[in-house]
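**Student:** Build me a structure from this.
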Amino acid sequence: MPPRKTALVTESTSGIGLTMATELASRGMNLVLNGFEDTADIKMSKTQVNLNLIPHVNGTPAIAQLVGYELTDTRVHGAWSGPARLHLVPHVDGPVADLPVRGIVGGLHFIADLTLPYDRVSHDYLVT
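**Tutor:** Take a look at the predicted model:
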């Protein structure tokens, strides 16, 4: 079997670059994409949200907070977009694996230096 050809596609996050990358990928070509670093920077500059669930030693909830934070000092070294899959595992703190997943849109993978700052509590589920 001959080796697959490789194509370099610039500005591959939108417009004709994205159209070309999609078409070449559908034809089985290896792709080297340029332009995802900007997309990763934009996505990482937005507010990130996490659910913190920490049980007390007796099993009751000790912390149940929705927290937000903005990454700082980000420097993206590389970013790739492509197909993705999701594997949800049953967990004692919440039925995450039972969430209805209608479909996977795709994945954005990146290598970056960043600072994870202290977060802020958006909602505390234990405060009445």
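**Student:** What is the least confident helix or strand in this structure?
**Tutor:** helix 36-45 (a mean of 67; mean pLDDT, DSSP states H and E).
**Student:** Can you name the element that comes right after that helix?
**Tutor:** strand 48-55 (DSSP states H and E).
**Student:** Closest to the centroid, which residue in the protein?
**Tutor:** Closest to where the C-alpha atoms of the chain average out (C-alpha atoms, centre = their mean) is L108, at 5.7 Å.
**Student:** Which residue, neighbours along the chain excluded, lies closest to that residue?
**Tutor:** Spatially, and ignoring its direct neighbours in sequence, L108 is nearest to S81 (5.1 Å; C-beta to C-beta, 6 or more residues apart in numbering). C-betas here are computed from N, CA, C, even on glycine.
**Student:** what do you get for D73?
**Tutor:** Nearest residue to D73, sequence neighbours excluded (C-beta to C-beta, 6+ apart): T115, at 4.3 Å.
**Student:** Would you confirm that the one you found contacts L71?
**Tutor:** Yes - using C-beta atoms under 8 Å, T115 is in contact with L71, at 6.8 Å.
**Student:** Between those two, tell me which one has more neighbours.
**Tutor:** Between T115 and L71, counting by other C-beta atoms under 10 Å, L71 is the more crowded of the two (17 against 8).
**Student:** Now for that one: which residues touch it?
**Tutor:** By C-beta atoms under 8 Å, 6 or more residues apart in numbering, the residues touching L71 are M44, S45, Q48, L114, T115, L116, P117.
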